[in-house]
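Engineer: Requesting a structural model of the entry that follows:
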Amino acid sequence: MSSILRIGDRFNRLVVTGSPVVLKKNWPAKYPVRCDCGKEGMARGWDLVHGTQKSCGCLQREAVSARNKTRKTHGGTNTRLYQTWSNMWDRCSNSNTRSYEGYGGRGITICKEWEGFAAFKEWAEANGYADNLTIDRKQNDDGYNPENCRWVTTKENNRNKRYHRLLTAFGETKMIAEWVEDDRCQVSLSTLQGRVRKGWHDEDAISKPSCDQRRFLTAFGETKSLVEWTKDERCRTNRAALQERLNMGWEDERAISTPTRPIKHTPKR
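Structural biologist: Model prediction:
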C-alpha cells in the first residue's frame, strides 16, 4: 500500500516531500515528510497510510499538554497507575520515544475510551490493579483496550513478549520458540527474532539459512547442511565448535563426530 504514496500526499499533519528511501537492508522504506509545524523527518509508508504516525511528535505534545491541564480532576498524577497510563500513551503515539518502534510503530493503538486517565483508572481498579502488577495485552499484536488487557506479575508479562509472537509458515502457526525447535527452521532464535523485527516474511525468516549455515558437510555417507548436522544425534558437538573446527581445517566427519571436551580447571597451589 505504501507504494502508491506520491509527493504532496497528506496524512494528517504530515505531507510527503520525496521518494522512499531504504535506510537499512531488509528494513521497510521510509518517506521524507514535512509536518504542519515545519519540522521535517522520515516516516514509514505503512505508518502514514494506517494513521499510526500523524505528526512529527507535536500532536502528542499537544495531547499531553491538554491532559496535564486536567490532572487535578482525577487526583492521581503522582501515582504509579498514572505513570503506567502515561507511559502507555508515549510508546503508542510518540514517535520520539525509544520504545515507539515496538508499539505505535507496528500498529499498536489505545482505545478511545482510555484517552482520559479517569476512565483508565476506573477500569484498572475494577480489574484487580495493584502496585506490584503490570499491564499486559492478552494478544500481543492487538492494542490496549479493556477486552485485551489485564494485570499480571512481571514474570507472567514476560511470557507474552514479542519473542513469543506467532509466526505462520508451511500452513502452520506457532510461536517463535516452537519454530526454533522445528526441523524446518534453519536459523537460531536470535537470528529469527532479528529477521522478524526487520520485517521479513514469516516463512522466509524461518526457512532461509544464514550464510554460515548454507555450508554442506559430508559424513557417514550423507551430505547435509551444517545446521542439519547439529540436529543429528550423531553430532557430538555444538554449532559454534563445529564451525570453528571446520575453519581450522578438520575433516567433516571428524569435526561432527568428535565430542566436545569439557574444560579442565587446574587447582591453584
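Engineer: where along the stretch 151-269 of the chain do the helices fall?
Structural biologist: Taking DSSP state H, counting those that start in this stretch as the criterion, the stretch 151-269 of the chain contains helices spanning 154-158, 176-180, 189-197, 202-207, 226-230, 239-247, 252-257.
Engineer: Distance of the nearest residue to Lys208 once chain neighbours are set aside relative to Val33?
Structural biologist: Distances taken as Cβ to Cβ, 6 or more residues apart in numbering put Gln186 closest to Lys208, at 6.4 Å, once the chain neighbours are dropped. In short, each C-beta sits where N, CA and C put it, glycine included. Noted for Gln186: a distance of 38 Å to Val33, by Cβ to Cβ, to the nearest Å.
Engineer: ok, the two, which is more surrounded?
Structural biologist: Legend: neighbour count by other Cβ atoms under 10 Å for Gln186 and Val33, higher for Val33 (24 against 20).
Engineer: How much space separates Arg111 from Arg10?
Structural biologist: That one is not Arg; residue 111 is Cys. 26 Å.
Engineer: These two: which is more packed in?
Structural biologist: Per other Cβ under 10 Å, whichever of Cys111 and Arg10 has more neighbours is Cys111, with 15 against 11.
Engineer: tell me the contacts of the residue nearest to Gln60 when sequence neighbours are not counted?
Structural biologist: Distance criterion Cβ to Cβ, 6+ apart; nearest residue to Gln60, sequence neighbours excluded, is Asn94 at 4.3 Å. By Cβ atoms under 8 Å, 6 or more residues apart in numbering, the contact list for Asn94 reads 57, 60, 100, 104.
Engineer: distance of Asn94 from Asp36?
Structural biologist: 17 Å.
Engineer: picking that back up, mind checking pLDDT for the residue nearest to Gln60?
Structural biologist: The predicted structure scores Asn94 at 82 on the pLDDT scale.
Engineer: now swap in Ala130 and tell me
Structural biologist: On the pLDDT scale, Ala130 gets 93.
Engineer: neighbours around it, how many?
Structural biologist: Ala130: 11 surrounding residues under other Cβ under 10 Å.
Engineer: That one and Asn12, how far apart?
Structural biologist: To Asn12, Ala130 is 38 Å away according to Cβ to Cβ.
Engineer: Okay, now the unreliable bits of the stretch 151-269 of the chain?
Structural biologist: Residue ranges of the stretch 151-269 of the chain with pLDDT under 70: 158-164, 211-215, 247, 261-269.
Engineer: can we see that at 80?
Structural biologist: 154-166, 175, 177-178, 188-190, 197, 209-215, 240, 243-244, 246-249, 261-269 (pLDDT under 80).
Engineer: can you check the stretch 1-150 of the chain too?
Structural biologist: The model of the stretch 1-150 of the chain has pLDDT under 80 over residues 1-4, 23-28, 60-77, 95-99, 101-102, 105-106, 140-141.
Engineer: hmm, try it at 70
Structural biologist: 1-3, 25-26, 64-76.
Engineer: tell me the domain boundaries of the protein?
Structural biologist: The chain breaks down into these structural domains: 1-56, 74-153, 162-208, 215-257 (assignment by automatic domain parsing).
Engineer: Show me which positions of the top helix by length along the chain end up buried.
Structural biologist: Across the chain, the longest stretch assigned as helix under DSSP state H is helix 80-93. Buried positions in helix 80-93, judged by neighbour count with 16 or more other Cβ atoms under 10 Å: 81-82, 84-85, 88-93.
Engineer: possible to save those residues as JSON lines with distance to Leu23?
Structural biologist: Converted to JSON lines, those look like this (distance: Cβ to Cβ, whole Å):
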{"residue": "Leu81", "distance to Leu23": "38"}
{"residue": "Tyr82", "distance to Leu23": "36"}
{"residue": "Thr84", "distance to Leu23": "33"}
{"residue": "Trp85", "distance to Leu23": "33"}
{"residue": "Met88", "distance to Leu23": "28"}
{"residue": "Trp89", "distance to Leu23": "27"}
{"residue": "Asp90", "distance to Leu23": "23"}
{"residue": "Arg91", "distance to Leu23": "22"}
{"residue": "Cys92", "distance to Leu23": "23"}
{"residue": "Ser93", "distance to Leu23": "22"}
